[in-house]
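S.K.: From the sequence below, what's the structure:
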Amino acid sequence: MFALNWRRVSSLTIMFLAALLTYTGIVLWIAPAGRYALWTEWRFLGFTKDETTYIHLTSSFAFILMGWLHTWYNWRTIMAYFSNRAK
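M.R.: Just a heads-up that it's a prediction; the model follows:
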């Protein structure tokens with residue numbers, strides 16, 4: 001049977017979320033300020049500024065959660081790296 005490797009899943013998910021956060025961050029930086037985006041019904045690739053903000057916030061929380069999971073699964077590797085660097 002196929003066994004799910006959570007180390008791999010967490011790493012790939014973090015990579016995907018980092019790309020998504022970069023994209024939405026750039027879009028929010030380019031977006032018009034204040035209510036002007038609402039008044040003009042500003043959209044980028046079909047998403048309004050508010051929708052892009054919600055995507056950015058949700059993916060930020062998922063990024064933090066997956067970062068904790070990634071750290072949990074790689075704790076021994078991280079500690080081994082620091083112990084080798086101290087020598």
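
S.K.: For whichever strand or helix holds Leu28, what does the pLDDT average out to?
M.R.: Assigned by DSSP states H and E, Leu28 belongs to helix 6-30. With pLDDT averaged residue by residue, helix 6-30 scores 90.

S.K.: distance between that helix and the chain's centre?
M.R.: Here helix 6-30 is found 4 Å from its chain centre; the criterion is CA atoms, centre = their mean, to the nearest Å.

S.K.: check contacts around the most centrally placed residue in the chain.
M.R.: The centre of the chain sits closest to Leu17, judged by CA atoms, centre = their mean, with a distance of 3.2 Å. Residues near Leu17 by CB atoms under 8 Å, 6 or more residues apart in numbering: 59, 62-63, 66. All C-beta atoms are positioned from the backbone trio N, CA, C, and that covers glycine.

S.K.: ok, now with 10 Å
M.R.: Leu17 is in contact with 58-67, counting by CB atoms under 10 Å, 6 or more residues apart in numbering.

S.K.: For Leu69, the count of nearby residues, please.
M.R.: 17 (other CB atoms under 10 Å).

S.K.: With Phe16 instead?
M.R.: A total of 14 residues lie near Phe16 under the criterion other CB under 10 Å.

S.K.: Look up how far Thr58 lies from it.
M.R.: 13 Å (CB to CB, to the nearest Å).

S.K.: now do Thr13
M.R.: Per CB to CB, Thr13 is found 13 Å from Thr58.

S.K.: So for these two, which residue has more residues nearby?
M.R.: Thr13 (18 against 13).

S.K.: residues contacting that one?
M.R.: By CB under 10 Å, 6+ apart, the neighbours of Thr13 are 6, 62-63, 65-67, 69-70.

S.K.: Quick check: of these, which lies closest to Ser83?
M.R.: Comparing those against Ser83 with CB to CB places His70 closest, at 19.6 Å.

S.K.: Contact partners for the residue nearest to the closest one when sequence neighbours are not counted?
M.R.: Of all residues not flanking His70 in the chain, Ser10 sits nearest, at 4.2 Å (CB to CB, 6 or more residues apart in numbering). Residues near Ser10 by CB under 10 Å, 6+ apart: 65-74.
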